[in-house]
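[1] Attaching a predicted model along with its sequence, questions to come.
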Amino acid sequence: MKLHELSDNDGATKRRKRVGRGPGSGTGKMGGRGIKGQKSRSGVAINGYEGGQMPLYQRLPKRGFNKPNRKEFSVINLGLIQKFVDAGKIDGKKAIDEDVLIASGLVRRKLDGIRVLAKGDVTGKLDLSVTGASKSAIAAVEKAGGSLTVTAPVATASAE
């Protein structure tokens, strides 16, 4: 095989359409834009514009619902907690609550509480106390010989 014998697969390349190159090309003169009108001119951006009429996407009703009082949790993985314990930033022998996680720099802010997820491995025995945790996270901590207690989130304001 030589260099001049190399070629692309059939259909791998497509020739560029050269617009406005004479009547024989099929896209000469007006270049496939039709006769006159806004869309035949350059510099036109009318996606969704309906000539001043209220556009369809604004006339249709919106779907879905955003809960105004939804809880926003700081999420943390078990592997990161274990990493901080191994590095000595968190004392693994004492009980680890949300204030300890914030003081160590693992969590920036509490928001409505801290939720623990099961990503990563737990090697040591940990005694965790947080606002929320996934079932697999609780199982992983208990498998390692520790305990993970889920406390009720503190109510900020009653909706009465």
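    Received, thanks.
[2] what ranges do the strands span in this structure?
    74-77, 96-97, 114-117, 127-130, 132-133, 147-150 (DSSP state E).
[3] quick one: A137 and K93, what's the gap?
    Distance of A137 to K93, given as Cβ to Cβ, to the nearest Å: 20 Å. C-beta coordinates here come from the backbone N, C-alpha and C atoms, glycine included.
[4] Repeat that for K67.
    Applying Cβ to Cβ to K67 and K93 gives a distance of 40 Å.
[5] To K83, which of the strands of the chain lies closest?
    K83 lies closest to strand 74-77 among the strands of the chain, at 9.3 Å (Cβ to Cβ).
[6] ok, and what's touching that closest one?
    Applying Cβ atoms under 8 Å, 6 or more residues apart in numbering, the external contacts of strand 74-77 come out as 101, 106-111, 113-120.
[7] Please apply the same query to stretch 102-113.
    Here stretch 102-113 has contacts from 71-74, 76, 80-81, 84, 89-90, 98, 101, 114, 130-132, 153-154, 156, using Cβ under 8 Å, 6+ apart.
[8] what are the C-alpha coordinates of it, in CSV please?
    Backbone C-alpha positions of stretch 102-113 (Å, rounded to 0.1, in the frame of the first residue of the first chain) are rendered in CSV as follows:
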residue,chain,number,x,y,z
ILE,A,102,-17.8,21.9,59.5
ALA,A,103,-14.9,22.6,61.8
SER,A,104,-12.6,20.2,60.0
GLY,A,105,-13.3,22.0,56.7
LEU,A,106,-14.9,19.0,55.1
VAL,A,107,-18.3,20.8,54.7
ARG,A,108,-18.4,24.5,54.0
ARG,A,109,-21.9,25.2,55.3
LYS,A,110,-24.7,23.2,56.9
LEU,A,111,-27.7,24.6,54.9
ASP,A,112,-30.7,22.5,56.1
GLY,A,113,-28.5,19.7,57.4
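[9] same question for it, mean pLDDT?
    For stretch 102-113, mean pLDDT rounds to 88.
[10] coming back round to it: higher neighbour count, A137 and K93?
    A137 (25 against 10; other Cβ atoms under 10 Å).
[11] mind listing what the nearest residue to the more buried one once chain neighbours are set aside touches?
    Of all residues beyond its chain neighbours, the one nearest A137 is A118 (4.0 Å), with distances taken as Cβ to Cβ, 6 or more residues apart in numbering. Going by Cβ under 8 Å, 6+ apart, A118 touches 77-78, 134, 136-137, 139-140.
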